[in-house]
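Student: Model the structure of this input:
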Amino acid sequence: MRALIASRAFATVVSLVRRSQPDQLVAAHAVGVDLRETLVPEMDAARVEAAARDAAASLAGEIVGLSVLGIGAGTAKLTIDQHRAVDVALNAAFARGLASSGRTVHFALMSAVGANANASASGSGAAGASRYNRVKGEAEAAVRASGIPVVSIFRPAMIIGSQHTPWLLEKLLPLVSFLTPARFTSITVDQIAAAMVATSVHTPATSAIYHYPEMTALGRVPVQRL
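Tutor: Here you go, the predicted model:
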């Protein structure tokens, strides 16, 4: 949201949140962005879809959707169905609600490196494990099935600056990044946000998956402001 507001690329932004974000409202007002909060205190698929449908109906012209919705830490403690109830069901409901307008042209979803809807559903649900990757892959597939013409999937590895990332990993993993494929390179929350905003401002011609190299390249694309 900070990156979206600071870009000033959209005159109107509607956010679906459980709690009001007064700092974001102040920041948006300061740069002339009309930020409208839609509060959904109890998020289930029906409420999220209805809120997204109403939000789309309140807007004119083409619409783009962005989602970073998902369970952060603690997925290892959940059953696969509990994990799916958030990452899959809520993202699918959000995308369906926007798609129902017939004017949503692009959807940007933050997923995770290794996402694979065909991965094993057994074992640990911890981040990076096969069951976690399966849920993330299912979430991607559900959003693609919404009917939105272009879906951009962002698959970060370890996220630096996230409240869910252990500080020790933030310090250690970048030191050995040269040993791993580029797509597993750690990335900051700001770099992810910049990439998601870039595709929202300049809608890609086709749906695509973006890893670290593509996200950092997108983040360097100038954003046309209002």
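Student: can we go C-alpha only for contacts and neighbour counts from here?
Tutor: Will do.
Student: And stretch 134-152, how far out from the chain middle?
Tutor: 11 Å (Cα atoms, centre = their mean, to the nearest Å).
Student: go on, stretch 116-135?
Tutor: The chain centroid and the centroid of stretch 116-135 are separated by 19 Å, computed with Cα atoms, centre = their mean.
Student: how long is that stretch end to end?
Tutor: End-to-end span of stretch 116-135 (Cα to Cα, to the nearest Å): 8 Å.
Student: Give me the buried positions along that stretch.
Tutor: The neighbour-count check on stretch 116-135 (16 or more other Cα atoms under 10 Å) flags 116-117, 119, 121, 124-135 as buried.
Student: what's the average pLDDT for it?
Tutor: Averaged across stretch 116-135, pLDDT comes to 94.
Student: Could you do stretch 75-92 as well?
Tutor: Mean predicted confidence for stretch 75-92 is 96.
Student: next one: it to chain centre, how far?
Tutor: Centre to centre, stretch against its chain (Cα atoms, centre = their mean), the figure for stretch 75-92 is 15 Å.
Student: Tell me who's in contact with the residue most central in space within the chain.
Tutor: For the chain, the residue nearest the mean C-alpha position is residue 68 (2.7 Å; Cα atoms, centre = their mean). For residue 68, the contact set (Cα atoms under 8 Å, 6 or more residues apart in numbering) comprises 109, 110, 111.
Student: Now neighbour count, secondary structure and pLDDT too, for those residues, in CSV please.
Tutor: Shown next, in CSV, are the contacts of residue 68 (neighbours: other Cα atoms under 10 Å; DSSP: H, G, I helix; E, B strand; the rest coil; pLDDT from 0 to 100):
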residue, neighbour count, secondary structure, pLDDT
109, 23, strand, 98
110, 22, strand, 98
111, 25, coil, 97
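Student: As a markdown table, the residues you listed with distance to residue 186 would be great.
Tutor: Below are the contacts of residue 68 laid out as a markdown table (distance: Cα to Cα, whole Å):
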| residue | distance to residue 186 |
| --- | --- |
| 109 | 18 |
| 110 | 15 |
| 111 | 14 |
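Student: In CSV, please show the C-alpha coordinates belonging to stretch 9-29.
Tutor: C-alpha atoms of stretch 9-29 as CSV (Å, rounded to 0.1, in the frame of the first residue of the first chain):
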residue,chain,number,x,y,z
ALA,A,9,-0.3,6.2,-10.5
PHE,A,10,-3.9,5.7,-9.5
ALA,A,11,-6.3,8.5,-8.6
THR,A,12,-8.5,6.1,-6.6
VAL,A,13,-7.4,3.1,-4.5
VAL,A,14,-9.8,0.8,-2.6
SER,A,15,-8.4,-1.4,0.1
LEU,A,16,-10.0,-4.4,1.7
VAL,A,17,-8.7,-4.7,5.2
ARG,A,18,-9.6,-6.2,8.5
ARG,A,19,-8.7,-3.0,10.5
SER,A,20,-8.5,0.6,9.5
GLN,A,21,-5.0,1.8,8.5
PRO,A,22,-5.0,5.5,9.5
ASP,A,23,-1.3,6.1,8.5
GLN,A,24,-2.1,5.0,5.0
LEU,A,25,-5.2,7.3,4.9
VAL,A,26,-3.0,10.2,5.9
ALA,A,27,-0.3,9.4,3.4
ALA,A,28,-2.8,9.0,0.6
HIS,A,29,-4.5,12.4,1.4
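Student: Quick one: mean pLDDT over that stretch.
Tutor: Average pLDDT, stretch 9-29: 96.
Student: Show me what counts as buried in that stretch.
Tutor: 9, 10, 13, 14, 15, 16, 17, 25, 27, 28.
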